[in-house]
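# Following is a predicted model, sequence given first.
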Amino acid sequence: SLVVISSLALAAASASATPCVPASFGHSSHVCVCNSTYCDEYTPSPPTDAAILGVTSNMEGLRFDERQVAWEAESKVDTPADPKVVGVEVYVDRSRKYQSITGFGGAFTDAAGINIAKLSPEAQINLVKSYYSPTGLEYGVGRVNMGGCDFSDRPYTLCDTPGDVDLQTFNLTHDDYDFKIPYIKMAQDFSEKEIKMFASPWSAPAWMKSNNLVYGEGYLLPEYYESWANYFVKFLDSYKAEGIDFWGLTAQNEPIDGNVPDFSFNCMGWNATTQAEWIGDHLGPALEAAGYQAIKLMAIDDQRPFVREWARTIMRNEKAAKYVSGWAVHWYTDFLGFAGDLDDTHEFFPDKFIMYTEACTGSYPWDLEKVMLGSWYRGQLYISNIIEDLEHWSVGWTDWNLALSMTGGPNWAENFVDAPIIVDEETDQFYKNPMYYALGHFSKFIPENSVRIGLDIGGYSSVSLQVVGFERPDGSIVLVATNRHQEGDVTMTIRDGGKVSETIRVQPESVQTFVWV
């Protein structure tokens, strides 16, 4: 049931914010309601050297709530914090530099476009602006499914004519023309930065595969290796003709899926050896011959536990190693651990980047409620995972569907999930989940080419605090922190050179971003 809360009670402190209109659906927090005439917006106040800008979102209802955090008097700089008062001290080390950030974003799937298109034109604009404009999340990355995926209304590819090895009948579909291209262009119009678009295929045409299906256990038949590489070129050419250029590609979405018997949605099986051979002998040369050698080609595009050994196998193939720019990772098994595998992969191949390319909540079989409007728990999963991934060399983080329906679709295979924005077609409204604001605490404050910096964290509560730090291109510093301790506040101070902050309280179930010059 929907309960609308007084927006005045939860209005953001920032004068540059249009406040959230909150509504409760009975979960742990609330959504923010947008429609054709109103949508909450936020432009951060500029950082200064006089104080730290603190921005908070939390389960209790704050969304991008701003405050000023003072620097202590110089006389206190050399005085250690009282451990009875301060649980965590964060020492910023600007001299230790790690990865540079590529960006944050989401996916322009068929399902996202189908849902956006059900809104009035004005509400569509507000939704896309919510992600890609300076008053929205300031996304700089977008993913596109190349042909159909499970978040399509039917199984299809872009060349479903059996035996058409020369791809003479290859063509974009209404899904591209009606549900993807218009919203990508809208995002480009609203964005003040160039959006880095990347594409991922879920399956080759059924007639190219061992099982003659776009789903289930099956692999690409070797006699079609060249045709499948040319399919990528045709896709890039077709989008270029529509005015959309791509920054990157992944070689295959979740290649492990196609090795699973009776897998229920679009997939195609590879192992690291066969993927390396196909990239080195076919895809790489085809892209190069067509003038797409600058595109960032990412291998793997699957779960974290596979990354280290998959990368090592790819890199043993000298031809594939030449064409691969980085490793794409999905978040679905991150709860198992293996974050150290990302460190190992970076250490083995420091010139290849690691990028998170897909995440969503509500995807597991035990998630009986696929869409949970207002769930802070699901937002907190995003916050903790993004911090962890950034701490382990990821250069960016890409969410899955930009928007879904109230039931988490459409999905032809009924693989419904949640999304940061949910479209309510009947009321011409859309709802921004806590996941949306969770993402914004990173995407709005860590611009492209920011560099992760060293943090030394001490104190009796240090295990309760997750925190990551960056130096932005303009020289300002950003920290994003979350309290993993569910029972009480964590107190912290920030020390940067000759400055120390006043004591900061980080509540449970909250995310805080700090910015200063």
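The structure has been received and is ready for your questions. Numbering: from 1, shown residues only.
# With adjacent residues omitted, what lies nearest to Ile422?
The shortest distance from Ile422 to any residue other than its chain neighbours is 4.8 Å, reached at Tyr431 (Cβ to Cβ, 6 or more residues apart in numbering). In short, each C-beta sits where N, CA and C put it, glycine included.
# wait, I meant Asn115
Nearest to Asn115 is Val423, by Cβ to Cβ, 6+ apart, at 4.1 Å.
# Let me see the contact set for the one you found.
With contact set as Cβ atoms under 8 Å, 6 or more residues apart in numbering, Val423 has these partners: Asn115, Ile116, Lys118, Leu119, Leu127, Ala403, Leu404, Ser405, Met406, Gln429, Phe430.
# sorry, back to before: using PDB, list the CA coordinates for the helix or strand hosting the residue nearest to Ile422.
Assigned by DSSP states H and E, Tyr431 belongs to strand 429-432. The C-alpha trace of strand 429-432 is given here as PDB (Å, rounded to 0.1, in the frame of the first residue of the first chain):
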ATOM      1  CA  GLN A 429       4.600   8.100 -12.300                       C
ATOM      2  CA  PHE A 430       8.000   6.600 -11.600                       C
ATOM      3  CA  TYR A 431       9.600   5.800  -8.200                       C
ATOM      4  CA  LYS A 432      13.200   6.300  -7.300                       C
END
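# So which residues make contact with it?
20, 23, 31-35, 40, 119, 123, 126-127, 130, 373, 403, 420-424.
# Give me the buried positions along that strand.
Across strand 429-432, burial judged by 16 or more other Cβ atoms under 10 Å covers Gln429, Phe430, Tyr431, Lys432.
# hmm, back to that, state the pLDDT value of the residue nearest to Ile422.
With respect to pLDDT, Tyr431 scores 99.
# before we move on, the earlier item: which two among the buried residues of strand 429-432 are spaced furthest apart?
Across the buried residues of strand 429-432, the longest distance by Cβ to Cβ is 10.5 Å; it joins Gln429 and Lys432.
# Report the separation between Trp310 and Leu404.
30 Å (Cβ to Cβ, to the nearest Å).
# Same check on Leu373?
11 Å.
# Same check on Gly269?
Look at Gly269 and Leu404: by Cβ to Cβ, they are 27 Å apart.
# Just the residues contacting the biggest strand by length in the chain, thanks.
Using DSSP state E, we find that the single longest strand of the chain is strand 88-100. For strand 88-100, contacts defined as Cβ under 8 Å, 6+ apart pick out 81, 346, 353-354, 393-395, 449-459, 461-462, 464-465, 467, 469, 471, 477, 479, 481, 490-497.
# Narrow these to those that are buried.
Neighbour-count burial (16+ other Cβ under 10 Å) is assigned, among the contacts of strand 88-100, to 81, 346, 353-354, 393-395, 450-453, 455, 457, 459, 461-462, 464-465, 467, 469, 471, 477, 479, 481, 490-496.
# Take the residues you listed and keep only those in strands.
353-354, 394-395, 451-453, 455, 457, 465, 467, 469, 471, 477, 479, 481, 490-496.
# Show me the shaky parts of this structure.
1-16, 75-78, 80, 83-84 (pLDDT under 70).
# about what we covered before: for Leu373 and Leu404, indicate the residue with more neighbours.
Leu404 (29 against 22; other Cβ atoms under 10 Å).
# Quick one: name whatever helix or strand follows the longest strand of the chain.
Counting by DSSP H and E, the element after strand 88-100 in chain order, helix or strand, is strand 103-107.
# Give me the contacts around that next one.
By Cβ under 8 Å, 6+ apart, strand 103-107 touches 112, 131, 137, 139-145, 195-196, 358, 396-402, 420, 439, 442-443, 446, 448.
# what distance separates it from the centre of its chain?
Relative to its chain's centre, strand 103-107 lies at 4 Å (Cα atoms, centre = their mean, to the nearest Å).
# counting contacts, what elements does the helix or strand following that strand pack onto?
For strand 103-107, the following helix or strand on the C-terminal side (DSSP H and E) is helix 110-116. Secondary-structure packing of helix 110-116 (3 or more Cβ pairs under 8 Å, 6 or more residues apart in numbering; DSSP states H and E): helix 121-132, helix 181-190, strand 404-405.
# ok, residues contacting the second one?
With Cβ under 8 Å, 6+ apart as the test, helix 181-190 has contacts from 108, 112-113, 116, 124-125, 128-129, 131-133, 136, 139, 142, 144, 195, 197, 239, 242-244, 402.
# Which ChimeraX command selects the buried ones in the residues you listed?
This is how ChimeraX selects the buried members of the contacts of helix 181-190, with burial counted by 16+ other Cβ under 10 Å:
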select :108,112,113,116,124,125,128,129,131,132,133,136,139,142,144,195,197,239,244,402
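# I'd like to know how many residues surround Leu297.
Leu297: 22 neighbours (other Cβ under 10 Å).
# any idea whether it is helix, strand or coil?
Classification of Leu297 by DSSP: H, G, I helix; E, B strand; the rest coil places it in strand.
# which residues pair with it across the strands?
Listed by DSSP bridges, the beta-bridge partners for Leu297 are Leu249, Val324.
# So it sits against Trp247, correct?
No. Assessed by Cβ atoms under 8 Å, Leu297 is found out of contact with Trp247, at 10.8 Å.
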